[in-house]
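Chemist: output the structure for:
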Amino acid sequence: MSGRRVTMAQVAQAAGVSPTTASFVLSGRTDMRISAAARERVLAAAADLGYRPNVAARALRTKSTQTIGLVSDTVATTPYAGEVIRGAMEAAHARGNLLFIAETGGDRAVESELVHGMLDRQVDAVIYAAMYTRYVTPPKELYGRRVVLLNCLAPGFDAPSVIPDELEAGRTAARVLLEAGHTDGIYAIGGHQAIPATPDGVFAGNERMRGLQEALRGGGARLAGVVESDWGAEDGYREVSALLRDGRRPRALVCGTDRVSFGAYQALAEVGLGVPDDVSVVSFDDQDFASWLHPGLTTVALPHYELGRLAAELILSPEPVLEAAVHRVPMPLRVRGSVAPPAATPHG
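Modeler: The predicted structure is shown next:
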């Protein structure tokens with residue numbers, strides 16, 4: 001079998017039509033008077049011959065390569081990457097586009113090189129992504145280009161941002177406890193993540209805490225305490241154990257992440273306290289193990305797929321998207337078994 005590309009002229013000859021007619025049919029043009037029979041012959045001939053459009057030639061003609069790039073720090077190698085990338089890929093595919101993915105590892109020199117490489121290959125647009133929501137400075141190569149920021153914000157950079165709605169997520173967590181009857185004895189474990197490495201807290205923590213406290217106040221409740229820590233399982237275990245040693249008995253815990261909740265479960269179990277009979281627990285992220293805990297963890301999910309999909313839809317929109325609007329993607333609540341009405345036990 002020959003490896004040479006089948007041409008439009010060969011398709012036209014096999015179908016018994018002019019090259020112009022074949023071109024109109026294969027490009028999807030419907031504004032020309034072409035009979036249904038002729039259209040069917042062209043499509044059948046293209047399929048029989050294995051015709052593939054010449055993308056390079058079409059790009060020269062249309063000024064579009066129908067490709068977009070996704071440049072991230074470490075998204076592609078995290079456990080959450082699959083859904084973010086799947087959302088972007090499916091949105092791109094639905095519009096006849098290919099998605100090129102590159103990862104920088106947080107190295108600015110590598111980032112510049114990868115962005116240059118994508119632009120040299122004439123991608124139509126670039127999704128600039130971060131593993132966790134934060135403020136960023138996009139590379140200078142992207143200024144003036146068609147760009148969407150994914151899971152990050154860049155004040156002064158004229159491009160839309162797509163981020164999870166962490167503020168509303170905090171309100172959601174508060175409503176879960178309020179609806180169960182909790183008004184006091186509520187502790188936030190992990191808090192803003194205001195630790196030495198991030199003394200001002202992280203974006204997600206600050207937004208979640210603001211929403212949490214707003215909604216609790218609106219419901220006539222309050223936090224009994226905010227424990228600042230990192231967001232690992234060991235941190236949840238350590239901080240909840242310390243609370244209990246100090247004689248404080250929480251009725252409810254709002255944990256910064258599911259990993260913090262995992263540690264909290266262990267600390268409570270060690271002193272004979274059960275979830276949710278003695279202490280209710282609500283969390284954020286909806287990692288895989290949240291449903292494996294006993295009882296299952298009620299948590300506000302990060303919308304990974306929806307983030308990737310919306311970023312691609314925005315960048316492929318026929319409308320200009322250079323306006324620096326922030327698109328907040330809802331974070332759905334996963335209700336499981338870790339929240340119940342407050343126990344009638346003393347608390348600190």
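Chemist: ok, now which ones touch the nearest residue to G220 once chain neighbours are set aside?
Modeler: Closest residue in space to G220, ignoring its immediate chain neighbours: T183 at 6.1 Å, by C-beta to C-beta, 6 or more residues apart in numbering. C-betas here are computed from N, CA, C, even on glycine. Residues near T183 by C-beta atoms under 8 Å, 6 or more residues apart in numbering: 219-222.
Chemist: and this protein, what are its domains?
Modeler: 8-53, 67-165+306-329, 166-303 (automatic domain parsing).
Chemist: nearest to P342 among these would be which one?
Modeler: Closest to P342 of those is domain 166-303 (C-beta to C-beta; 4.5 Å).
Chemist: gap between that closest one and the chain center?
Modeler: Between the centre of domain 166-303 and the centre of its chain there are 22 Å (C-alpha atoms, centre = their mean, to the nearest Å).
Chemist: in what helix or strand does T137 lie?
Modeler: Counting by DSSP states H and E, there is no helix or strand that carries T137.
Chemist: alpha carbons of stretch 253-263, in PDB - could you do that?
Modeler: Extracted in PDB, the C-alpha atoms of stretch 253-263 (Å, rounded to 0.1, in the frame of the first residue of the first chain):
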ATOM      1  CA  LEU A 253     -14.600  19.800  62.900                       C
ATOM      2  CA  VAL A 254     -14.200  21.600  59.500                       C
ATOM      3  CA  CYS A 255     -11.000  20.200  58.100                       C
ATOM      4  CA  GLY A 256      -9.000  22.000  55.400                       C
ATOM      5  CA  THR A 257      -8.700  18.900  53.300                       C
ATOM      6  CA  ASP A 258      -9.800  15.300  53.200                       C
ATOM      7  CA  ARG A 259      -6.200  14.300  54.300                       C
ATOM      8  CA  VAL A 260      -6.600  16.400  57.400                       C
ATOM      9  CA  SER A 261      -9.900  14.700  58.100                       C
ATOM     10  CA  PHE A 262      -8.200  11.300  57.800                       C
ATOM     11  CA  GLY A 263      -5.800  12.200  60.600                       C
END
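Chemist: now it: average pLDDT?
Modeler: For stretch 253-263, mean pLDDT rounds to 97.
Chemist: what's Y128 sitting at in phi/psi?
Modeler: Torsion angles at Y128 (phi, psi; degrees, to the nearest 10) stand at phi -100, psi 110.
Chemist: separation between it and Y135?
Modeler: 13 Å (C-beta to C-beta, to the nearest Å).
Chemist: of those two, who's got more company?
Modeler: Y128 (27 against 10; other C-beta atoms under 10 Å).
Chemist: ok, that one touching L149?
Modeler: Yes - judged on C-beta atoms under 8 Å, Y128 makes contact with L149 at a distance of 5.4 Å.
Chemist: next, show the common contact partners of those two.
Modeler: Joint contacts of Y128 and L149 (C-beta under 8 Å, 6+ apart) are 136, 138, 159.
Chemist: looking at those, which is nearest D285?
Modeler: V136 (21.0 Å).
Chemist: please name the nearest non-neighbouring residue to the closest one.
Modeler: That would be C152: by C-beta to C-beta, 6+ apart, it lies 4.5 Å from V136.
Chemist: quick one: strands adjacent to the helix or strand harbouring that neighbour?
Modeler: If you go by DSSP H and E, C152 is part of strand 147-153. Sheet pairing here is set by DSSP bridges, and for strand 147-153 it gives strand 125-135 (parallel), strand 161-164 (parallel).
Chemist: and these, which one is worst for confidence?
Modeler: strand 125-135 - the lowest mean pLDDT of those, at a mean of 92.
Chemist: mind listing what's buried in it?
Modeler: By neighbour count on 16 or more other C-beta atoms under 10 Å, the buried set for strand 125-135 is 125-134.
Chemist: do the same with stretch 215-231
Modeler: Buried, per 16+ other C-beta under 10 Å, within stretch 215-231: 215-216, 221, 223-224, 226-231.
Chemist: how long is stretch 25-38 end to end?
Modeler: 9 Å (C-alpha to C-alpha, to the nearest Å).
Chemist: and stretch 107-127, how far from the chain's centre?
Modeler: Put simply, stretch 107-127 sits 21 Å off its chain's centre (C-alpha atoms, centre = their mean).
Chemist: what about the helices in this structure?
Modeler: 8-15, 19-26, 36-49, 55-62, 81-94, 108-120, 166-180, 203-218, 233-245, 258-270, 304-315 (DSSP state H).
Chemist: reformat those helices as a markdown table; add distance to Y143.
Modeler: Shown next, in a markdown table, are the helices of the chain (distance: least, C-beta to C-beta, whole Å):
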| stretch | distance to Y143 |
| --- | --- |
| helix 8-15 | 39 |
| helix 19-26 | 38 |
| helix 36-49 | 42 |
| helix 55-62 | 23 |
| helix 81-94 | 22 |
| helix 108-120 | 11 |
| helix 166-180 | 27 |
| helix 203-218 | 23 |
| helix 233-245 | 39 |
| helix 258-270 | 37 |
| helix 304-315 | 16 |
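Chemist: if we can go back for a sec, scan the shared contacts of Y128 and L149 and report the most crowded one.
Modeler: Busiest of the shared contacts of Y128 and L149 [other C-beta under 10 Å] is A159, holding 23 neighbours.
Chemist: low-confidence ranges, the stretch 101-250 of the chain, go.
Modeler: Flagging of the stretch 101-250 of the chain using pLDDT under 70 yields an empty set of residue ranges.
Chemist: how about a cut-off of 90?
Modeler: Counting by pLDDT under 90, the stretch 101-250 of the chain shows low-confidence ranges at 101-107, 114-124, 131-132, 141, 143-146, 156, 158.
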